[in-house]
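*Asks:* Next one to model:
(one chain, ligands or ions: 1)
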Amino acid sequence: MRIGILGSGLMGGKLGTIFARAGHDVVFSYSRSEKKLERLAKSAGRHALAGTPREAAQGADALLLAVHWSRLDDVFEQAGDLSGKVIVSCTLPMNENNSDLVVAHTSSGAEELARRIPAPRVVGAFGTVPSEVLFDVFERRRRRERPSLLYYGDDRRAKKVAASLIADVGFDPVDAGPLRIARYAEPFTLLVAELAYERKGGPRLAYRFERFR
Ligand SMILES: NC(=O)c1ccc[n+]([C@@H]2O[C@H](COP(=O)([O-])OP(=O)(O)OC[C@H]3O[C@@H](n4cnc5c(N)ncnc54)[C@H](OP(=O)(O)O)[C@@H]3O)[C@@H](O)[C@H]2O)c1
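*Replies:* Numbering: from 1, shown residues only. Sure thing, here's the model as predicted:
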């Protein structure tokens, strides 16, 4: 697949690198430093390029949205028309100092995001794990027991794309249902962050759901 990365920071930089290593064509975009985008593309290998958000969006089979909530209007303006595009978003509706959700309970970041795009194909994914664990998961992808990763959305085709990317990273994709499930998943992310950054053990942390029959 051709994947455009909108926001090449901790999440976008790592996920884009993993997607490229998994064989996808990746365009890194939306950093304040063009040099950083070029460095990322170079280290991700021959499947990766640096570009503008518009270039990342053009012809992309999927876009990874990985920006701070406050940057949404700007990144959308730079990316151009995103109607009908598959957007896999790890973006959380956090306040400026990342201490709390600014949308919760009666809506979610993922739903608000979908409202801003005509014909939205938004899937929430990857936001429930810390960036620090992503390379560990990728390195251990051949192990039988994989960590889970929740995803949610209203568009079947977009969810299929998201599930295959999640599996490429090394997670077991867990379909949590429609986009409104983000109302539960986004607060769960704050619990994961609490465990990762405030409790003992460090942020190389993932989770696993088990069903007993
Ligand atoms: N980090 C995590 O572990 C984690 C986990 C789950 C969910 N999330 C969510 O994922 C999203 C991305 O998080 P992140 O940690 O990857 O963020 P980040 O490291 O700050 O990356 C954000 C990207 O946006 C870019 N950007 C472009 N213009 C900007 C501007 N004017 N001001 C600020 N940034 C600008 C940054 O540029 P530069 O390259 O110049 O910095 C960077 O490439 C957020 O919504 C966050 O809540 C993060």
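*Asks:* Just the residues contacting stretch 99-114, thanks.
*Replies:* Under the contact criterion CB atoms under 8 Å, 6 or more residues apart in numbering, stretch 99-114 has outside partners 65, 69, 72, 87, 89, 91-95, 120, 122, 124, 152-154, 179-180, 182-183, 185-187, 190. No exception for glycine: its C-beta is placed from N, CA and C like everyone else's.
*Asks:* can you list the residues of the chain near the ligand?
*Replies:* The chain comes close to the ligand at residues 7-12, 30-33, 36, 66-69, 71, 90-92, 94, 127, 130-131, 189, as judged by CB under 6 Å from any ligand atom.
*Asks:* Repeat the analysis, applying 8 Å as the threshold.
*Replies:* By the rule CB under 8 Å from any ligand atom, the part of the chain lying against the ligand is 7-13, 30-33, 36-37, 65-71, 74-75, 90-94, 98, 109, 126-132, 189, 193, 196, 203.
*Asks:* of these, buried ones?
*Replies:* Buried by 16 or more other CB atoms under 10 Å: 7-9, 11-13, 30-31, 37, 65-69, 75, 90-94, 109, 126-131, 189, 193, 196, out of those.
*Asks:* right, and Leu65 touches Val88 too?
*Replies:* Yes - using CB atoms under 8 Å, Leu65 is in contact with Val88, at 7.1 Å.
*Asks:* Please identify the residue of the protein positioned nearest to the ligand.
*Replies:* Gly9 (1.8 Å; CB to the nearest ligand atom).
*Asks:* Now do the contacts for the closest residue to that residue other than its chain neighbours.
*Replies:* Nearest residue to Gly9, sequence neighbours excluded (CB to CB, 6 or more residues apart in numbering): Ala66, at 6.6 Å. Contact analysis of Ala66 by CB under 8 Å, 6+ apart lists Ile5, Leu6, Gly7, Ser8, Gly9, Met11, Gly12, Leu15, Ser89, Cys90, Thr91, Phe126.
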